[in-house]
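Enquirer: what shape does this take:
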Amino acid sequence: MQHRFTAGELSRLSGISKQTILFYDKKGILKPQFTDEKNGYRYYSADQLELLDSILMLKEMGLSLEEIRNFLEKRTGNDALFLMRKQLSDIHNKIQHLQLVEKRLSRKVLSLEDYYANREEVVFLQHAKAEILAVEKVHYPGSPSTTASQADKVSPDYQQDLLAQDIAVKKLLTKAKKDHYPYFYQQGAMVLLDLLKQRQYLRASFVFLPLEKNCSKADCLIKPPGLYAHYYFTGPYTKIGSGYQYLLSEIEKQGYQTSGYSYEYCILDSLTNSESEEYVTLIQLPVFK
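Expert: You can find the predicted model right below:
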């Protein structure tokens with residue numbers, strides 16, 4: 001007589017829970033082969049030990065239970081080869097995605113560590129490398145083509161300014177996801193120094209996503225290497241003007257001048273803090289003597 005196994009015995013032999021064995025039975029993946037006519041007990045055959053090993057291997061390969069059931073119903077050598085090639089491709093794509101997530105997360109961690117180390121002061125740092133930024137122009141109310149370069153001709157409205165930035169960010173993120181930009185978990189804005197001097201602190205010309213490498217599908221600008229003044233502003237973004245006033249005064253005290261764009265990086269926002277008073281924006285201004 002062929003040896004038969006209960007669900008509990010199969011569980012002990014395979015090293016998985018009895019509940020899992022019963023679940024596979026319920027899903028039609030591994031149903032007991034024999035039923036005792038006297039007591040109605042159901043048993044698995046010795047051959048099903050090997051079948052269970054195959055099921056566990058397929059599950060480890062990343063197949064869903066439905067995919068496993070369909071494959072087992074009409075499996076052939078060619079089907080197995082096709083399946084394994086497909087899973088190899090899927091795994092390769094997942095590895096690439098996880099590597100990208102790792103780089104994005106590592107950069108985010110470094111930015112937070114730098115904040116906690118330098119949050120109390122203005123520091124001057126030499127940037128040895130250029131930074132590639134995927135950008136989206138910010139269009140302001142007045143006409144569809146109105147940008148920050150024409151901001152002095154537009155009546156200041158902070159709510160409208162913030163809305164315009166938010167819309168530009170959404171457009172940029174949509175493009176980045178659709179076209180798979182190699183971007184980091186970071187976003188920011190570029191503000192002309194001339195507008196800062198006019199106290200139009202929220203009139204960004206562009207919003208941006210820093211990129212790991214160039215991307216032909218993205219509209220990109222290069223943030224040049226050089227000496228930059230760094231300052232972490234803490235508080236709601238609507239009050240960032242006070243941060244700029246302090247930073248510009250410190251730059252002047254140190255005998256530096258600045259020109260071009262200010263680069264703002266979001267460090268702490270609604271993802272990490274529930275109160276806007278605790279939001280943090282890193283401001284970087286290129287400086288020279």
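Enquirer: show me what the host helix or strand of A229 is packed against.
Expert: Per DSSP states H and E: A229 is located in strand 226-234. Helices and strands touching strand 226-234, by 3 or more CB pairs under 8 Å, 6 or more residues apart in numbering; DSSP states H and E, are helix 77-118, strand 123-127, helix 240-253, strand 280-288. Every residue, glycine included, has its C-beta placed from N, CA and C.
Enquirer: how many neighbours does F71 have?
Expert: Look at F71: counted by other CB atoms under 10 Å, it has 18 neighbours.
Enquirer: how about it, what does it touch?
Expert: Neighbouring residues of F71 by CB atoms under 8 Å, 6 or more residues apart in numbering: L58, L63, D79, L83.
Enquirer: so it, which state does it fall into?
Expert: Judged by DSSP: H, G, I helix; E, B strand; the rest coil, the three-state class of F71 is helix.
Enquirer: measure it to F124 for me?
Expert: 62 Å (CB to CB, to the nearest Å).
Enquirer: and H127, what does it touch?
Expert: Counting by CB under 8 Å, 6+ apart, the residues that H127 touches are K223, P225, G226, L227, Y228.
Enquirer: helices of the stretch 151-289 of the chain, start to end?
Expert: In the stretch 151-289 of the chain, the helices defined using DSSP state H, counting those that start in this stretch lie at 158-178, 193-197, 240-253.
Enquirer: how about the ones you listed in JSON lines, adding mean neighbour count?
Expert: Formatted as JSON lines, the helices of the stretch 151-289 of the chain follow (neighbours: other CB atoms under 10 Å):
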{"stretch": "helix 158-178", "mean neighbour count": "16"}
{"stretch": "helix 193-197", "mean neighbour count": "17"}
{"stretch": "helix 240-253", "mean neighbour count": "16"}
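Enquirer: which of those helices sits closest to S106?
Expert: Of all these, helix 158-178 sits nearest to S106, with 18.5 Å by CB to CB.
Enquirer: if you average pLDDT over the closest one, what comes out?
Expert: For helix 158-178, mean pLDDT is 91.
Enquirer: same check on stretch 42-52?
Expert: For stretch 42-52, mean pLDDT is 88.
Enquirer: before we move on, the earlier item: okay, the helices of the stretch 151-289 of the chain in JSON lines with distance to Y185 next?
Expert: Shown next, in JSON lines, are the helices of the stretch 151-289 of the chain (distance: least, CB to CB, whole Å):
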{"stretch": "helix 158-178", "distance to Y185": "11"}
{"stretch": "helix 193-197", "distance to Y185": "27"}
{"stretch": "helix 240-253", "distance to Y185": "21"}
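Enquirer: circling back to that earlier point, out of the contacts of F71, which end up buried?
Expert: The neighbour count (16 or more other CB atoms under 10 Å) marks L58, L63, L83 as buried among the contacts of F71.
Enquirer: mind telling me what element the first one is part of?
Expert: Following DSSP H and E, one finds L58 within helix 47-60.
Enquirer: also T20?
Expert: Going by DSSP H and E, T20 is part of helix 18-26.
Enquirer: who are the packing partners of that helix?
Expert: helix 7-14, helix 47-60.
Enquirer: just the CA trace of the first one, in PDB.
Expert: Going back to what we said before, that points to helix 7-14. C-alpha atoms of helix 7-14 as PDB (Å, rounded to 0.1, in the frame of the first residue of the first chain):
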ATOM      1  CA  ALA A   7      -1.700  17.500   6.500                       C
ATOM      2  CA  GLY A   8       0.100  17.600   9.900                       C
ATOM      3  CA  GLU A   9       2.700  15.100   8.700                       C
ATOM      4  CA  LEU A  10       3.200  16.900   5.400                       C
ATOM      5  CA  SER A  11       3.700  20.100   7.400                       C
ATOM      6  CA  ARG A  12       6.400  18.600   9.600                       C
ATOM      7  CA  LEU A  13       8.200  17.100   6.700                       C
ATOM      8  CA  SER A  14       8.200  20.300   4.600                       C
END
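Enquirer: where does the prediction get shaky in this protein?
Expert: Scanning the chain for pLDDT under 70 picks out 1-2, 142-157, 270-274.
Enquirer: name the helix or strand for E66, please.
Expert: Using DSSP H and E, E66 falls in helix 65-73.
Enquirer: quick one: buried residues of that helix?
Expert: Buried positions in helix 65-73, judged by neighbour count with 16+ other CB under 10 Å: I68, R69, F71.
Enquirer: what's the answer for stretch 72-86, then?
Expert: Quick answer for stretch 72-86 (16+ other CB under 10 Å): L83.
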